[in-house]
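Engineer: fold the following, please.
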Amino acid sequence: MTQVIELEKVRRAKLTRQAMAAWQRRFGRRFAPDLAAADLPDQVLAELITGEGPGNQALNDFILGARGFSPGRNVEDVDRAEKMVVLESFLVLIDVLRFEAMFRMKWVQDFPDRQRALVDFVGETRVSPVSALEPPAIRETHPEYPAYQNLGDLERPAFLRQTIPAAILAFRRRTGAGL
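Structural biologist: Numbering: from 1, shown residues only. Predicted coordinates for the structure are as follows:
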């Protein structure tokens with residue numbers, strides 16, 4: 001049993017290195033294997049939260065690397081089942097990254113997943129019980145806080161997600177990334 005655990009650790013370390021290599025090439029810097037959203041530089045985060053263009057490709061490269069695919073692999077070239085895993089991983093990761101951007105702007109309260117290694121989110125799906133699926137609460141400093149206050153508990157997560165485009169724009173402006 002110990003050998004199986006050790007083999008899994010070695011396999012995971014290899015996949016993590018592969019995922020991080022894609023970002024090292026893309027962003028021109030080294031990242032720790034246990035890199036969390038909270039550890040990302042603002043400029044990198046600003047690119048990743050867009051969900052399109054180079055940020056989208058960088059997230060897909062990270063996910064595909066962590067899933068064991070060779071560098072430069074296109075998500076369209078993987079089989080249907082694997083494509084669904086990549087899509088689910090993408091949705092969870094982009095949520096965590098966008099909530100991190102909102103946290104840095106003091107729009108949302110602290111949330112535990114901002115300290116969790118990003119590679120740990122790869123392969124997780126929306127049906128698994130991860131806290132990334134629970135959006136953090138909006139803080140009083142969020143520009144839409146008065147409207148949020150009047151909502152019921154079931155409406156609040158959807159409301160927060162509706163403010164994501166404004167958060168992306170505000171964070172990118174704050175970091176000088178523009179749009």
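Engineer: quick one: terminal-to-terminal distance for stretch 106-122?
Structural biologist: 27 Å (Cα to Cα, to the nearest Å).
Engineer: what separates it from the chain centre, distance-wise?
Structural biologist: Here stretch 106-122 is found 8 Å from its chain centre; the criterion is Cα atoms, centre = their mean, to the nearest Å.
Engineer: gap between the residue minimising distance to the centre of the chain and G176?
Structural biologist: Central residue of the chain (Cα atoms, centre = their mean): L93, 2.6 Å from the mean position. Here L93 is placed at a distance of 23 Å from G176 (Cβ to Cβ, to the nearest Å). C-beta coordinates here come from the backbone N, C-alpha and C atoms, glycine included.
Engineer: find the nearest non-adjacent residue to T141, please.
Structural biologist: Nearest non-adjacent residue to T141, counting by Cβ to Cβ, 6 or more residues apart in numbering: K106, 4.6 Å away.
Engineer: could you point out which element follows the helix-or-strand element of the chain with minimal mean pLDDT?
Structural biologist: Lowest on mean pLDDT, DSSP states H and E among the helices and strands of the chain sits helix 2-27, with a mean of 79. Where DSSP states H and E defines the elements, the next helix or strand beyond helix 2-27 is helix 42-48.
Engineer: buried stuff in that following helix?
Structural biologist: V44, L45, A46, E47, L48 (16 or more other Cβ atoms under 10 Å).
Engineer: and I94, how many neighbours?
Structural biologist: Around I94 sit 20 other residues, with neighbours defined as other Cβ atoms under 10 Å.
Engineer: what helix or strand is the closest residue to it other than its chain neighbours located in?
Structural biologist: Using Cβ to Cβ, 6+ apart and skipping the chain neighbours, the partner closest in space to I94 is G51 (5.6 Å). Using DSSP H and E, G51 is not contained in any helix or strand.
Engineer: isn't G51 right up against L91?
Structural biologist: No - with contact defined as Cβ atoms under 8 Å, G51 does not count as touching L91 (9.6 Å).
Engineer: what about the helices in this protein?
Structural biologist: 2-27, 42-48, 53-66, 80-104, 145-149, 156-162, 164-175 (DSSP state H).
Engineer: now, among the buried residues of helix 42-48, which is nearest to F171?
Structural biologist: A46 (5.9 Å; Cβ to Cβ).
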